[in-house]
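Undergrad: Dropping a prediction and its sequence here:
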Amino acid sequence: MIEAKNLTKYYGRTKAIENVSFYIEKGEIVGLLGPNAAGKTTIMRILTCFLPPSSGTAKVNGYDIWENPFQVQKSIGYLPEKNPLYDEMTVGEFLNFVAESKGIRKKIEKRKKIADAMANCGILDVEKKLIGKLSKGYRQRVGIAQAIINDPSCLILDEPTIGLDPKQIIETRKMIKDLAGNRTVILSTHILPEVSMTCERVIIINEGKIVASDSVENLTVGLKGIMEINLEVEGSPEQIKKSLIEITGIKEVEIVPPIKEIVNKYIVRTEKGKDLRKEISSKLVNNGFGLLEISTREMSLEDIFLKLVTKE
Amino acid sequence: MKFLPIFKKEIKTYFVSPIVYVVALIFSLIIGFIFSLIVGSYNIISMRATSYPYGGFSLNPTEMIGLPTFHNMAITILFISCLLTMRLFSDEKKTDTIELLFTYPLRDIDIVIGKLFACLSIFVGMVSISVIYFLILEKWINFDKLVLLNGYIGLILLGVSFISIGIFVSSLTENQIVSATITFGLALLFWLIGWVSEIAGPKWHQFFTYISLLDHYENFPKGILDTKDLVYYLTFSVFFNFLTLKILSSKKYRG
């Protein structure tokens, strides 16, 4: 459970985030989506008690970041954006240090947790290797292993797939999904497919403000606003356009250039939430035009994202 | 005991990098060289003394060998403490691993104490190399062991002060060379500031004498353990570690 209330953070005079509030249910996987420098890392750093917010507060697993920073830090696992690791340590030594730092002192328990984390992240075979000698994919796994070693109920991952090759990205995503279980996961990214693949809910932020927060499906439907229908019709463009406009609920008819004499492609935009495919097809057929193709155009997350973060 | 993980990590890191080995080698070479010079000149003096009746009775080996050795060691540890402390926070900040430490359930004070004790342990280990030189001479010379022990107590207190300055400076910069240089400058300043008392007016004379690291050290190799000096060194170290804590908790440091 993560709850943020009116978080605002200034770096000197520049505003990093402003009045950010959100609530993440226990067990949810939420993606924090936004362009670079939108404030994703700042939000995560506040949640991990690394940075104090200028105003506002947040609760992680019921603990307030101002009042109980230790309890907060005990119940989270955090993978920083740059994934800093001690290059001069071996993977085993490093995880041992992390476990002890996170308050796991009993020898048997510690050994078990280290072994579990290594098994979950697939790094058992590099236990004795120096971290500085590892490949980027393995480094990322070690970074995730240090985050999950204390079996936290809340995982905070800052751009977990950055800089990995496509195969590693897929592996890492799968790992995150497997690790999620009944944990609350919040991950930040600027890669859109990642969100639709791993997350149940998306919080889109831009220039320090939340611009949208909903499930991926709801976002695609709700933000479509105007529904778009693609048509391919045989007949005189002028007449077709005229008869289409007559249907109530249609806002705009656009002929896709280049305009040809007989067969043309059209984009029809309807009013919010109205599916007029039935009306359009019967009208066209009744008027004697040849309807060759009709389909709705799904608005992808990419379109929504661009729509939200670019000022028109 | 929450500082233990940091302590263990730092000790391990010291032995992974070549710094400790190089610094220990150079330290033992310098001190060994100086020690043999001092023993050599004591040798000549004692030979001359034996040519007078009862001349040898006035010779005090603890004073004639111990005192100059401790003074030279004090200067040497001023150099080596810069080298031992320079990476403690600079490196964490440069590689961003400080973000890990700050997001683990550790208090700032655990981090500082862990690093201070780790550095101090290495320092004590290094200084104790010089004990061997005294042990070798023990076969022929009767040292006053309590006086020597007192000298080592002074040396360690001085070391804690230098290390505290070093850790503080290291928390200010990401660059290890800058860290070492500023630490050296600051330590030397506190070392020599007693000289100012000679030209300062009577009002300030006492002040400058009191804040000088050197003036408080002088009693120790002579076998005098004064609570005034103890309090001075402890306050000095606590003050600089307090400054480090303030730096770590400042918003700018984390931002």
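TA: That came through fine. Please read all numbers here as calculations on a predicted model, not as lab measurements.
Undergrad: ok, how many other residues are close to residue B:20?
TA: Residues lying near residue B:20 (other CB atoms under 10 Å in any protein chain shown) number 18. Bear in mind the C-beta positions are built from the backbone N, C-alpha and C, glycine included.
Undergrad: ok, the helix or strand containing it near chain A or not?
TA: Mapping residue B:20 onto the secondary structure by DSSP states H and E places it in helix B:19-50. No - applying CB under 8 Å from any CB of the partner chain, one finds that helix B:19-50 is not in contact with chain A, the shortest distance being 11.6 Å.
Undergrad: Provide the partner residues of residue A:232 in its beta bridges.
TA: Applying DSSP bridges to residue A:232 gives these bridge partners: residue A:265, residue A:293.
Undergrad: Which strands or helices does the helix holding residue B:20 pack on?
TA: With contacts defined as 3 or more CB pairs under 8 Å, 6 or more residues apart in numbering or on different chains; DSSP states H and E, helix B:19-50 has these neighbours: helix B:67-85, helix B:108-127, helix B:131-137.
Undergrad: ok, the most centrally placed residue in chain B - contacts?
TA: In chain B, the C-alpha nearest the mean C-alpha coordinate belongs to residue B:159, at 2.0 Å (CA atoms, centre = their mean). Each residue near residue B:159 by CB atoms under 8 Å, 6 or more residues apart in numbering or on different chains is listed here: B:77, B:81, B:120, B:123, B:124, B:127.
Undergrad: mind checking which of the helices and strands packed on helix B:19-50 is nearest chain A?
TA: Nearest to chain A among the helices and strands packed on helix B:19-50 is helix B:108-127; the distance by CB to the nearest CB comes to 8.9 Å.
Undergrad: The closest one: how far from the chain's middle?
TA: Between the mean C-alpha location of helix B:108-127 and the chain-wide mean there is a distance of 12 Å, by CA atoms, centre = their mean, to the nearest Å.
Undergrad: quick one: average pLDDT of that helix?
TA: Averaged over helix B:108-127, pLDDT sits at 95.
Undergrad: hmm, that helix in reach of chain A?
TA: No - among the residues of helix B:108-127, none lie within reach of chain A under CB under 8 Å from any CB; the closest is 8.9 Å away.
Undergrad: Chain B contacts on chain A?
TA: Proximity of chain A to chain B, by CB under 8 Å from any CB, involves residues A:11, A:45, A:48-52, A:70, A:73-74, A:76, A:78, A:80, A:82, A:84-89, A:93, A:97-98, A:100-103, A:146.
Undergrad: Only whichever of those residues are buried, select them in PyMOL.
TA: Applied in PyMOL, the following selects the buried portion of these according to 16 or more other CB atoms under 10 Å in any protein chain shown:
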select buried, chain A and resi 45+48+49+50+51+52+73+74+76+78+80+82+84+85+86+88+89+93+97+98+100+101+102+146
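Undergrad: Now, the residues of chain A next to chain B that are in helices?
TA: Counted as lying in helices by DSSP state H, out of the residues of chain A next to chain B, are A:45, A:70, A:73, A:74, A:93, A:97, A:98, A:100, A:101, A:146.
Undergrad: Pick out the most distant pair among these.
TA: In terms of CB to CB, those reach their longest pairwise distance at A:45 and A:93, which sit 26.5 Å apart.
Undergrad: Find out how far stretch B:33-43 is from the centre of the chain, if you would.
TA: With CA atoms, centre = their mean, you get 23 Å for stretch B:33-43.
Undergrad: State the mean pLDDT of it.
TA: 93.
Undergrad: go on, stretch B:76-85?
TA: The predicted model gives stretch B:76-85 an average pLDDT of 93.
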